[in-house]
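S.K.: Build me a structure from this.
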Amino acid sequence: MPKPQFTENQIYHIYNRGVEKRNVFLNEKDYFRFIHNLFEFNDEDPVLNVNYYLTSKSTGVKQRKKPRKLLVEILIFTLMPNHFHLLLRQKKEGGIIKFMQKLGTGYAGYFNKKYDRVGGLFQGRFKAVLINQDSHFIHLPYYIHLNPLDLINYGGSTSIVWQKEMEFLENYRWSSFLDYIGKNNFPSVTQRDFLLEFFGGEKRYKEETIKWLKEKKENSEKIKDIIIE
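M.R.: Predicted coordinates:
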């Protein structure tokens, strides 16, 4: 898929997965490290020391004394065992390319050292789609946040299924969903004001997520042309 021309203040759906579809997050520490990198590498300045740590009790990313100069706004993220989704808005010329290079190289270096491997970790360069239609913009945040539901398969009536799915999402830490519904998880990583204002706030976003769940198949059809997997 050819990459779009990245321009300032435009929104892009970014995706990449492990080479040969391999898992790139093998345990909790790997997820924490990638989320830490989302925060730390979103800066015009180079990262001089990435040896911060995150524990399972963390509710955010360790702040630095020096303010960051953001390359992108990370609107939404979701991490899955073998891939990740990001919704980014570019803030600086070349910001997305620079951020994704830092993110991919930094995490691959960490992963290869930890697991004693060599070579590329991700399946080539990341994929990206410009979000420039209202229908795409309205539905894509829900699609990205609901991606973890691929990890489960609940049977039963429709009413029972969506309730179980919602419960699962509210206990899945590796995305920005909890922060969007008012439960602090990794609040420092994402810039949520723009989308929360558009969707009517945290309570409304949760309500609309439930509606989206109830009509998941129909809603997914509306964005099938920009879904990148």
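
S.K.: okay, CA-based contacts and neighbour counts for the rest of this
M.R.: Fine.

S.K.: quick one, what contacts the spatially most central residue of the chain?
M.R.: Most central residue of the chain, judged by C-alpha distance to the mean C-alpha position with Cα atoms, centre = their mean, is Phe77 at 1.4 Å. Applying Cα atoms under 8 Å, 6 or more residues apart in numbering, we find Phe77 in contact with 84-87, 144-145, 175-176.

S.K.: what's it sitting at in phi/psi?
M.R.: The phi/psi pair for Phe77 (degrees, to the nearest 10) reads phi -140, psi 150.

S.K.: tell me the phi and psi of Arg89?
M.R.: When read as degrees, to the nearest 10, the backbone of Arg89 gives phi -120, psi 120.

S.K.: Go ahead and name everything in contact with the lengthiest helix in the chain.
M.R.: With DSSP state H setting the assignment, residue counts place helix 95-114 as the longest helix in the chain. By Cα under 8 Å, 6+ apart, the surrounding residues in contact with helix 95-114 are 6, 24, 30, 33-34, 37-38, 41-43, 71-72, 88, 90, 118-122, 126.

S.K.: go on, stretch 78-89?
M.R.: Residues from elsewhere that reach stretch 78-89 (Cα under 8 Å, 6+ apart): 8-18, 21-26, 31, 72-77, 96, 141, 144-145, 147-148, 174-176.

S.K.: Of these, which count as buried by neighbour count?
M.R.: Applying a neighbour-count criterion of 16 or more other Cα atoms under 10 Å, the buried members of the contacts of stretch 78-89 are 11-18, 24-25, 31, 72-77, 96, 141, 144-145, 147-148, 174-176.

S.K.: In strands only, show me the residues you listed.
M.R.: 11-17, 72-77 (DSSP state E).
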